[in-house]
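# Using only what follows, build the 3D model:
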Amino acid sequence: MEVHLRNLQRRLTVDRDRIRLWAFLALESLDLQEAELGLLLVGDRRMRRLNRVHRGQDRPTNVLSFPIDPLPPGRNRPHLLGDVVISLETAQREAKEAGIALPAYLQILLVHGILHLIGLDHERSAREAQKMAGAERRLLRKMGRVKEGLIPC
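Okay, here's the model as predicted:
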């Protein structure tokens, strides 16, 4: 299992080791020990550009996922899972609005992004949104943290 973490923003300080550990725990909990994950931490300007180019939405968002080799849950083989991009500026604003610590919210966004990489998508339907929210709660619980009502779907 490999997690490649790059922090391309300079406004906020984050614990890179903790974020990398969360990624390892999430992949392990999903039985994706052979997966390779890219994780990019950016600011709003870069996230806005990515969101505009890839989703046609000219605004920053909290997390984007770019699957490379989608793999159904429960299957384990060496593969490139994809990239998760998190805007730390947006995450900081949203965490403050929700009244939670930024690290707790980053863990939620990371899990959300990884679940998108394995094919779950809350934007397809209400049923899929429920399925994804349940998967997020279960995965966060396995990782030792869950706070109801904080799932970003």
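# hey, where'd the helices end up in this protein?
Here the chain has its helices, by DSSP state H, at 16-29, 44-55, 88-98, 102-117, 126-142.
# low-confidence ranges in the chain?
For the chain, applying pLDDT under 70 flags the ranges 69-78, 145-153.
# Apply 90 and report the result again.
Scanning the chain for pLDDT under 90 picks out 1, 30-35, 68-81, 118-126, 128-129, 141-153.
# Among the helices of the chain, which comes closest to Q9?
helix 88-98 (5.6 Å; CB to CB). (C-beta placed from N, C-alpha, C; glycine too.)
# Name the residues of that closest one that are buried.
88-92, 94-95 (16 or more other CB atoms under 10 Å).
# Distance from the chain centre to that helix, please.
Mean-position distance between helix 88-98 and its chain equals 14 Å (CA atoms, centre = their mean, to the nearest Å).
# Quick check: L115 vs G56, distance?
Using CB to CB, to the nearest Å, L115 is found at 22 Å from G56.
# And those two? Which one has more around it.
Using other CB atoms under 10 Å, the more surrounded residue of L115 and G56 is L115, with 24 against 7.
# List the contacts of that one.
By CB atoms under 8 Å, 6 or more residues apart in numbering, the residues touching L115 are 132, 135-136, 139.
# how about a cut-off of 6 Å?
The contact partners of L115, taken as CB atoms under 6 Å, 6 or more residues apart in numbering, are 132, 135.
# Adding distance to L30, write the buried residues of helix 88-98 out as JSON lines.
As requested, the buried residues of helix 88-98 are arranged in JSON lines below (distance: CB to CB, whole Å):
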{"residue": "L88", "distance to L30": "24"}
{"residue": "E89", "distance to L30": "28"}
{"residue": "T90", "distance to L30": "25"}
{"residue": "A91", "distance to L30": "22"}
{"residue": "Q92", "distance to L30": "27"}
{"residue": "E94", "distance to L30": "24"}
{"residue": "A95", "distance to L30": "24"}
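# and which of those residues is nearest A126?
E94 (22.2 Å).
# So which of the helices of the chain has the densest surroundings on average?
Highest mean neighbour count of the helices of the chain: helix 102-117, a mean of 23 (counted as mean count of other CB atoms under 10 Å).
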